[in-house]
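> based on what follows, work out the 3D shape:
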Amino acid sequence: GLTLAVRDGYTQAYSSIIDANITTLLTGIVLFYFGSGPIKGFATTLIIGILTSLFCAIFITRLIFESRLNSRKSITFSNFITKGAFKNINISFIPNRKRYYILSALVISIGVFSLFTRGLNQGVDFQGGRTYIVRFNDAVSTNELRNTLGESLVTENNLKMFPEVKTFGPDNQVKITTNYLIDDLDADELVEQKLNGGLSSFSDGQYEIMSSQLVGPTIADDIKKSAFWSVLFSLILIFFYILIRFKKWQYSLGAVIAVFHDVLILLSIFSIFYGVLPFSLEIDQAFIAAVLTVIGYSLNDTVVVFDRIREYVAVKVGDSSDIINRALNSTLSRTINTSLTTFFVLLVIFIF
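Next up is the predicted model:
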């Protein structure tokens, strides 16, 4: 019956939920302890987020189910669109794995080559830049101003350098920070000339540059080093945690490789496509948080699959290839549902 199904569902899911969240929590604790600046800030948010979401996933949702069951209210887990979705799905992940290896290797190879040749489009946070306080006669849209200035601040290889634009005081006053020609300390006049080209199309050309100054990078070398070592140490810690929980070093190695793979794919795409896509692929403080989030998601999804493999191994449902394939297919609905809910949020943030 439904009551027993709900209770069994929670009981069977505990190990998966705990393992997936503890691996991410360990990452957060290490980042908090060793990290500094934005890394420490991210770790604090991550730890609070994991603890609150764990509480909601295990306790609050259970409370709602129990309440509805006790009130004899109907509970459904699908609608006419989703009914039967993923029920008989059987994608041949393992038999076709070589194709996926080739695809991943191709993207990463091109990406690594691009990282060594083009590098990444480092923003003001990493490079520093020039800051201008500008006052207009009328209120201006910071987003429109940023896009217009990006069209003016173009490098020799046609890369648009979108500046950081923030309202500074009243809504007709902005603070513009750009790393355009930051390596040339004698280019102040040229940068201001380019800046004026973009500013003149706003407020009928009625504006005043009130001040300008050279600013250093907000992400210093010590923050970069602390980020690197804290991530490395957290991966070592996760390696041993998974080894203890799953009793095989292959699981630990698989999880760590999966994390490196996902981060390399992300860095590769940012390196290959910056200056090509019609939006900014700049590396800043938010990007560091995004990479750390990817590490968390990668670990979470991987451990959930491992947990299902362990479950199937215990009941001996086939050989190793069949078990892994079945585990991937049976957790696919969970992976897609959790990823889609996050994707919708990120899509809204990306658009607006």
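
> and Asp319, how many neighbours?
Counted with other C-beta atoms under 10 Å, the neighbours of Asp319 add up to 8. Using the backbone N, CA and C atoms, a C-beta is placed for each residue, glycine as well.

> can you pull the pLDDT of it?
What the model reports as pLDDT for Asp319 is 85.

> what's the distance between it and Gly41?
47 Å (C-beta to C-beta, to the nearest Å).

> could you do Val263 as well?
For Val263, the distance to Gly41 - C-beta to C-beta - is 20 Å.

> point out where the stretch 51-200 of the chain drops to low pLDDT.
157, 185 (pLDDT under 70).

> now do the strands in it.
For the stretch 51-200 of the chain, the strands defined by DSSP state E, counting those that start in this stretch occupy 129-136, 164-167, 173-178.

> which residues of the chain fall in helices?
2-34, 38-55, 61-70, 97-117, 124-127, 142-152, 188-199, 221-246, 249-273, 285-315, 320-330, 332-351 (DSSP state H).

> tell me which of the ones you listed sits most buried.
Ranked by mean neighbour count under mean count of other C-beta atoms under 10 Å, the helices of the chain are led by helix 124-127, which reaches a mean of 21.

> on that earlier part again, ok, which of the helices of the chain comes nearest Asn172?
Closest to Asn172 of the helices of the chain, according to C-beta to C-beta: helix 142-152, at 11.4 Å.

> packing partners of the closest one?
Judged by 3 or more C-beta pairs under 8 Å, 6 or more residues apart in numbering; DSSP states H and E, the packing partners of helix 142-152 are strand 164-167, strand 173-178, helix 188-199.

> centre-most residue in the chain?
Ala290 (3.2 Å; C-alpha atoms, centre = their mean).

> out of the helices and strands packed on helix 142-152, nearest to Val215?
Per C-beta to C-beta, nearest to Val215 of those: strand 173-178, 6.6 Å.

> any figure for the gap between Ser53 and Thr302?
Per C-beta to C-beta, Ser53 is found 18 Å from Thr302.

> quick revisit: can you tell me which of the helices of the chain is nearest to Ala85?
helix 332-351 (7.0 Å).

> outside of that closest one itself, list whatever touches it.
Helix 332-351 is contacted by residues 85-86, 89, 91, 297, 301, 304 when judged by C-beta atoms under 8 Å, 6 or more residues apart in numbering.

> do the same with stretch 283-302
Outside stretch 283-302, the residues that reach it (C-beta under 8 Å, 6+ apart) are 20-21, 23-24, 27-28, 31, 38-39, 42, 46, 120-126, 218-219, 227, 231, 238, 254-255, 258-259, 262-263, 266-267, 270, 335, 338-339, 342.

> confidence score at His261?
92.

> that one and Leu237, how far apart?
In terms of C-beta to C-beta, His261 sits 19 Å off from Leu237.
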